[in-house]
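Participant: compute the structure for the input listed below.
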Amino acid sequence: MDAIEKHISGGSLACLQALRRRAMDGALPIYLVGGPVRDALLGASLKDLDFAVEGDAPAVARELAGEVGGRVLTHPQFGTATLLLADCRVDLATARQELYPHPGALPLVAPGAISDDLSRRDFSINCLALPLAERHPQVLDPHGGVGDLEQGLVRTLHRNSFVDDATRIFRAVRYEQRLGFRI
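Facilitator: Got it, this is the predicted structure:
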């Protein structure tokens with residue numbers, strides 16, 4: 001966690017610290033997830049932060065805005081919220097399960113655990129989480145993302161990944177080019 005805190009400042013740092021306090025007080029399981037964890041493991045700079053909350057993420061975002069300022073945009077259909085500050089953007093998502101009723105459809109979303117949330121993501125390298133409630137958190141990596149980072153791979157989680165969401169094809173190419181990985 002110290003390595004992450006060294007690479008962020010301003011609003012991002014204030015949000016991370018506020019959410020960590022809340023998680024460590026036992027109020028709510030909150031996880032830093034996806035790209036920020038991936039980028040920290042790669043030693044890359046961190047930009048925006050993404051969190052998964054086992055609970056009501058939009059409510060947490062509103063409480064966080066009351067503490068650190070900023071403006072909250074909510075997306076109730078998906079259980080997500082974005083906190084916009086002058087120098088950063090922080091996304092909070094209710095940990096969830098997703099079901100795609102047909103190819104290309106928006107997913108049907110239901111609350112879930114962090115394991116459900118990580119299993120619904122696009123690529124193994126984005127299925128990483130750091131639990132904020134732990135003093136010395138270890139990366140949660142149920143899909144082998146750390147190994148794929150070490151091997152330079154962009155790997156989907158299941159055969160229907162591109163059928164469920166065809167925009168993942170573009171994201172795969174973007175990661176391949178930006179990170180120098182192979183699909």
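
Participant: and A93, what are its bridge partners?
Facilitator: A93 has these beta-bridge partners by DSSP bridges: A52, T80.

Participant: pretty sure it sits against G79.
Facilitator: Yes. With contact defined as C-beta atoms under 8 Å, A93 counts as touching G79 (6.4 Å). In this view, the C-beta of every residue, glycine as well, is placed from N, C-alpha and C.

Participant: list the contacts of A166.
Facilitator: Residues in contact with A166 (C-beta atoms under 8 Å, 6 or more residues apart in numbering) are P103, G104.

Participant: tell me the pLDDT at the residue of the chain positioned farthest from its centre?
Facilitator: Outermost residue of the chain with respect to the C-alpha centroid, by C-alpha atoms, centre = their mean, is H102; its distance is 24.6 Å. pLDDT for H102: 91.

Participant: and for A93 and G79, which residues touch both?
Facilitator: Counting by C-beta under 8 Å, 6+ apart, the residues touching both A93 and G79 are A57.

Participant: gap between the spatially most central residue of the chain and G70?
Facilitator: Closest to where the C-alpha atoms of the chain average out (C-alpha atoms, centre = their mean) is V33, at 3.2 Å. Using C-beta to C-beta, to the nearest Å, V33 is found at 20 Å from G70.

Participant: quick one: the strands in the protein?
Facilitator: Shown for the chain, the strands assigned by DSSP state E span residues 30-33, 49-53, 71-75, 80-84, 89-94, 96-99, 108-111, 129-131.
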